[in-house]
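> sequence? don't have it. structure:
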């Protein structure tokens, strides 16, 4: 079993009650709890209250740090949302402009077809069929050469 040494550090003591010896007393060496020195004469309930208050203050500080991080995160999210809304507005404007361009083109095509007769309609249908066949050929040729 573990043997205690006396305060001078000269090896184990031969006394029977070494742990009651004042030179080896844990209260006299500054380790452990000394009821006479602790808290400057505060009662146990006052010491408990002080310890709990200190723990509460530490928890409050930790929560404050977390709140600050969350605040920064929400600010960043707000900035990102504003940027995304701006980008979506720009995309909406671009789609609106594209829609106007297409409607104008379709109107001009309609006017051309009305004034040109069936000859222009045949050219239009032939061109569309040629474009579709060409795209089909490109897609199948790309699929075979890329594999």
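Alright, I've got the coordinates. In this text, all values refer to a predicted model and were calculated from it rather than measured experimentally.
> which strands or helices does the worst-scoring helix or strand of the chain on mean pLDDT pack on?
Of all helical and strand segments in the chain, the minimum by mean pLDDT, DSSP states H and E falls on helix 118-145, at a mean of 86. Using 3 or more C-beta pairs under 8 Å, 6 or more residues apart in numbering; DSSP states H and E, the elements in contact with helix 118-145 are helix 44-116. Yep, even glycine has a C-beta here, placed from its N, CA and C like the rest.
> related to what we said a few turns ago, and the least confident helix or strand of the chain with helix 44-116, angle?
130 degrees (axes from the mean of the first three to the mean of the last three C-alpha atoms, to 10 degrees).
> in helix 118-145, what counts as buried?
Across helix 118-145, burial judged by 16 or more other C-beta atoms under 10 Å covers no residue at all.
> what does stretch 73-88 give?
Result for stretch 73-88 [16+ other C-beta under 10 Å]: no buried residues.
> what's in contact with it?
For stretch 73-88, there are no surrounding residues in contact (C-beta atoms under 8 Å, 6 or more residues apart in numbering).
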